[in-house]
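Colleague: sharing a model that was predicted from the sequence below.
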Amino acid sequence: MGMMYRSHRRVVQFSVLVFVFLVPVLNLFEIYAVTGTLYAVNIGGLSVTDPVVILQAVFASGRLTVLLLGAALFPVLFALVFGRVWCGWMCPYHLLADGAAEVRRFFGERVLRRPLEKALPVKSSFKANAVRLSFLLFGTALAGAISIPVLNYVHAPGIFSTEAMIFVKERSLSPEFLFIAALLVMETAVLPRFWCRLFCPTGSFLSLFRAPFTMTVINKVKAVRSPCCTENHCSAVCPMGLAPFKEGGNLLCTNCAQCLDACPQSRLHFGGFGSK
């Protein structure tokens, strides 16, 4: 299978990155077919909003309107069909985290002359899920209690998109950019992938929408308990610290397909729509 998914994923990731900067450029030329940021974007009159933004608004106001529900509907349905493809293939922060991982690998191999371990802060997938879902629950409850969308202030892709807009329109950056910079420094130097694994509210919320037909990583070998190769290639490349040969359906999985590319026997594949 080689690097088939990797090349496709990079095309999608960089396309979204271009989109983030293109929207404010078009608006500068008074072209408003597309407006907004990755918090909420309007495309030809169709509003698409991060469901976590909607969730906080519902808790703060105590009511759910058709307008709010409609804005969050597309991301939820997309996750229900394709799983966390938004995280693995489209989120601009995930692309930056990929870059931080490459810098960490390069520094270890070229400078320290030894590979740096992933050093995941919470190795257990069960505990990692518990941490990030608790963070989502706490942030949502706090937003409802104080009527301030607190999770927006730690929404990495939304902040990045807003900073792109500010940079294009004003040639400057706001203090919120420091949050992104701090995350990347932490990911590179101390705790790789910690944000996506343990805190990202959007990824946590979207992961809850699963059905028998949701696209997931499936092993062709049934009831497998150990890796099919001694090197355990799939686990070595998984950015979420999973063992894909047996945890393809875990809520942490972003369907990034790195394990599929790494599997020497092509036993891992995407399944969904009721396939087993």
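Modeller: It's in. Numbering: from 1, shown residues only.

Colleague: quick one: the helices in the stretch 51-200 of the chain, in order.
Modeller: Secondary structure of the stretch 51-200 of the chain (DSSP state H, counting those that start in this stretch): helices located at 51-61, 66-82, 85, 92-106, 125-146, 156-170, 177-189, 194-198.

Colleague: now the fifth one: average pLDDT?
Modeller: Okay, so that is helix 125-146. If you average the pLDDT over helix 125-146, you get 95.

Colleague: what of the fourth one?
Modeller: Per-residue confidence for helix 92-106 averages out to 92 on the pLDDT scale.

Colleague: change the start of the numbering to 767 and stick with it
Modeller: With the count now opening at 767, the last piece we talked about shows up as helix 858-872.

Colleague: tally of neighbours for V897?
Modeller: The number of residues packed near V897 is 18, by other CB atoms under 10 Å. C-betas here are computed from N, CA, C, even on glycine.

Colleague: you'd agree it is up against L886?
Modeller: No - using CB atoms under 8 Å as the test, V897 is too far from L886 to be in contact (11.6 Å).

Colleague: chain center to stretch 805-821: distance?
Modeller: Distance of stretch 805-821 from the chain centroid (CA atoms, centre = their mean, to the nearest Å) equals 17 Å.

Colleague: any stretches of this structure with poor pLDDT?
Modeller: Along the chain, the parts satisfying pLDDT under 70 run over 767-769, 877-885, 1039-1042.

Colleague: swap the cut-off to 80 and go again
Modeller: Counting by pLDDT under 80, the chain shows low-confidence ranges at 767-769, 830-834, 873-888, 989-991, 1038-1042.

Colleague: by residue count, what's the longest helix in this protein?
Modeller: helix 770-794 (DSSP state H).

Colleague: which elements pack onto that one?
Modeller: Applying 3 or more CB pairs under 8 Å, 6 or more residues apart in numbering; DSSP states H and E, we find helix 770-794 packed against strand 800-802, helix 858-872, helix 922-936, helix 1024-1028.

Colleague: please point out which parts of the second one sit buried.
Modeller: By neighbour count, and taking 16 or more other CB atoms under 10 Å as the criterion, the buried residues in helix 858-872 are P858, Y859, H860, L861, L862, A863, D864, A866, A867, R870.

Colleague: show me which residues of the longest helix of the chain are buried.
Modeller: Y771, R772, R775, Q779, V782, L783, F785, V786, V789, P790, N793.

Colleague: ok, now stretch 1012-1023?
Modeller: By neighbour count on 16+ other CB under 10 Å, the buried set for stretch 1012-1023 is K1012, E1013, G1014, N1016, L1017, L1018, C1019, T1020, N1021, C1022, A1023.

Colleague: do stretch 945-957 as well
Modeller: In stretch 945-957, counting by 16+ other CB under 10 Å, buried: F945, I946, L949, L950, E953, T954, L957.

Colleague: using PDB, write out every CA atom in that stretch.
Modeller: Provided in PDB are the C-alpha atoms of stretch 945-957 (Å, rounded to 0.1, in the frame of the first residue of the first chain):
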ATOM      1  CA  PHE A 945      -1.600  29.900  22.900                       C
ATOM      2  CA  ILE A 946      -0.900  28.100  19.600                       C
ATOM      3  CA  ALA A 947       2.800  28.800  19.900                       C
ATOM      4  CA  ALA A 948       2.900  27.400  23.400                       C
ATOM      5  CA  LEU A 949       1.100  24.200  22.400                       C
ATOM      6  CA  LEU A 950       3.500  23.600  19.600                       C
ATOM      7  CA  VAL A 951       6.500  24.100  21.900                       C
ATOM      8  CA  MET A 952       5.100  21.700  24.300                       C
ATOM      9  CA  GLU A 953       4.400  19.200  21.600                       C
ATOM     10  CA  THR A 954       7.900  19.500  20.200                       C
ATOM     11  CA  ALA A 955       9.900  19.500  23.400                       C
ATOM     12  CA  VAL A 956       7.900  17.800  26.100                       C
ATOM     13  CA  LEU A 957       4.600  16.100  25.400                       C
END
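
Colleague: so what touches it?
Modeller: 859, 862-863, 866-867, 869-870, 873, 885-887, 919-920, 922, 925-926, 929, 959-961 (CB atoms under 8 Å, 6 or more residues apart in numbering).
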